[in-house]
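Asks: Give me a model of this one.
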Amino acid sequence: MTSSWTFFAQVLTAIFLLCVSNRIAVASEYTRPGPGRIVLTKYKLSGSSPQQVHVSAVEANHMNIAYITIDSSIPSKVEFGKVSGKYNAVASGDSSHYTYFDYTSGKIHNVKIGPLEPDTLYYYRCGGAGNEFSFKTAPASLPIVFAVVGDLGQTEDTTSTLKHISKSNYDTLLLPGDLSYADGTQSLWDSFGLFIQSYASSRPWMVTEGNHEREKSHDHQQIEPFIAYSHRWRMPYRESGSTSNLHYSFDVAGAVHVIMLGSYAHFGPQSDQYKWLASDLAKVDRSVTPWLIVLLHAPWYNTNEAHQGEGEDMRKAMEALLYGARVDIVYAGHVHAYERFTRIYNNVADSCGPVYITIGDGGNREGLALEDFILTTNPHFFS
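Replies: Presented below is the predicted three-dimensional model:
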């Protein structure tokens, strides 16, 4: 594999696993305080200024700019250029909104801009008004720096995580689920969009869904389970041949193929996600794209008793596809701790399997999973 590739994984606290005979114990002299306070960022209920701006990669040399306006007359338009205040290009997009019981979202805009030059700073303005933002495109070739963070939320600890990540000058952020911790409370989605705007508007954020993105039906009213996530965070699923925003893929730096899977979408052999994954993996030419990375929310391998079996059905359904394609790394969130396995396949250490890494605490309100790590008969799983 290409030795020049580097990646950055941000975790607030390390979990030390001591393997003695067949036992794993959690040992640390440091006692971390409880979860930080939730930070609520006031949602602007009036005015024409775009808000909750964030950027995501779409396809080669293009980005999607998403933003929300309260004023429905504001157009889905982004002006952009390489000089601050001078926009020599403009692109138009589309808009949508959604309702959740008595909540109605603002006008959600998505605009694809490009073609863009690699490793270049662009300045842009949304909707023809408001503040100027800027973002940097990813490099055309290796090395590339990823920031990988799971289960983010919006607390004081989240602020600490994002400030720390921003110091790395990363190229792309990867988030394997549990973004806002809204749990159906739509105002928390608006707060989250404002909370992360200064970060997510300056680098592409590529995300997939977690359990806290699911809306629940009440009083026999059927609600689309990921209605807020799907409207607010449009990922390049169409561009990657997927039928759902819950699973997709993209290429970056000319040598890395990233696959985002949906732990809470159907994944059996007859499902759209399974068929898409098989097709997507078959298209990857490893002589051209030497790095293959997968992200999903619920880990397939972990030693936390409270979360045992949650990803097992998906593992049994899809693990052989990843193994056959020689996936390099699988990142997961959900378990609020850091844990890394050696290369493994079907519960046996295997040099041809992926490395599995859990990175499930970016600062959310639930705090760390410091207990309930269980007995294992395979201590050599840990690298």
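Asks: Name the nearest residue to Val83, sequence neighbours excluded.
Replies: Spatial nearest neighbour of Val83, chain neighbours left out: Tyr123 (6.9 Å); criterion: Cβ to Cβ, 6 or more residues apart in numbering. For the C-beta atoms, the positions are set from N, CA and C on the backbone; glycine is no exception.
Asks: residues contacting the one you found?
Replies: Phe80, Gly81, Lys82, Val83, Ser84, Gly85, Lys86, Tyr87, Glu132, Phe133, Ser134 (Cβ atoms under 8 Å, 6 or more residues apart in numbering).
Asks: From what I see, Leu321 and Ala282 are in contact.
Replies: No - in terms of Cβ atoms under 8 Å, Leu321 does not count as a neighbour of Ala282; the distance is 9.5 Å.
Asks: Ala138 touches Phe146, doesn't it?
Replies: No - using Cβ under 8 Å as the test, Ala138 is too far from Phe146 to be in contact (9.6 Å).
Asks: related to what we said a few turns ago, for the residue nearest to Val83, which residues count as its bridge partners?
Replies: Gly81, Ser134 (DSSP bridges).
Asks: so what pLDDT did it get?
Replies: Per-residue pLDDT puts Tyr123 at 99.
Asks: Could you number the chain from 10 rather than 1 from now on?
Replies: That works, and once the first residue is 10, the last one we named lands at Tyr132.
Asks: How much space separates it from Ser143?
Replies: 5 Å (Cβ to Cβ, to the nearest Å).
Asks: what do these two both touch?
Replies: Shared contacts of Tyr132 and Ser143, counting by Cβ under 8 Å, 6+ apart, come down to Ser93.
Asks: hang on, the earlier thing: and for Ala147 and Phe155, which residues touch both?
Replies: Common neighbours of Ala147 and Phe155 (criterion: Cβ under 8 Å, 6+ apart): Asp180, Thr181.
Asks: Now the phi/psi pair for Val267, please.
Replies: phi -110, psi 130 (degrees, to the nearest 10).
Asks: Now for it: which residues touch it?
Replies: Leu183, Met215, Ser258, Phe259, Asp260, Val261, Ile302, Val303, Leu304.
Asks: Of these, keep whichever come out buried.
Replies: By neighbour count, with 16 or more other Cβ atoms under 10 Å, those hold Leu183, Met215, Ser258, Phe259, Asp260, Val261, Ile302, Val303, Leu304 as buried.
Asks: follow-up on the earlier one: by neighbour count, which of the contacts of Tyr132 wins?
Replies: Phe89 (24 neighbours; other Cβ atoms under 10 Å).
Asks: Quick check, that one in contact with Val120.
Replies: No - Phe89 sits out of contact with Val120 when judged by Cβ under 8 Å, with a separation of 9.5 Å.
Asks: how near is the residue nearest to Val92 to Glu141?
Replies: 6 Å.
Asks: Can you tell me the closest non-neighbouring residue to Thr298?
Replies: His266 (4.9 Å).
Asks: That neighbour belongs to a strand?
Replies: Yes - applying DSSP: H, G, I helix; E, B strand; the rest coil, one finds His266 inside a strand.
Asks: quick one on the thing from earlier: can you pick out the residue with more neighbours from Leu330 and Ala291?
Replies: Leu330 (17 against 10).
Asks: For the longest helix along the chain, list the C-alpha coordinates in PDB.
Replies: Scanning the chain for the helix with the most residues, using DSSP state H, yields helix 321-333. Output of helix 321-333 as PDB, limited to C-alpha atoms (Å, rounded to 0.1, in the frame of the first residue of the first chain):
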ATOM      1  CA  GLU A 321     -23.900  -8.800  14.000                       C
ATOM      2  CA  ASP A 322     -26.600  -9.300  11.400                       C
ATOM      3  CA  MET A 323     -25.100  -6.700   9.200                       C
ATOM      4  CA  ARG A 324     -21.600  -8.300   9.600                       C
ATOM      5  CA  LYS A 325     -22.900 -11.700   8.700                       C
ATOM      6  CA  ALA A 326     -24.600 -10.300   5.600                       C
ATOM      7  CA  MET A 327     -21.900  -8.000   4.300                       C
ATOM      8  CA  GLU A 328     -18.500  -9.000   5.800                       C
ATOM      9  CA  ALA A 329     -17.600 -11.400   2.900                       C
ATOM     10  CA  LEU A 330     -18.100  -8.600   0.400                       C
ATOM     11  CA  LEU A 331     -15.600  -6.400   2.200                       C
ATOM     12  CA  TYR A 332     -13.200  -9.200   2.700                       C
ATOM     13  CA  GLY A 333     -13.300 -10.200  -0.900                       C
END
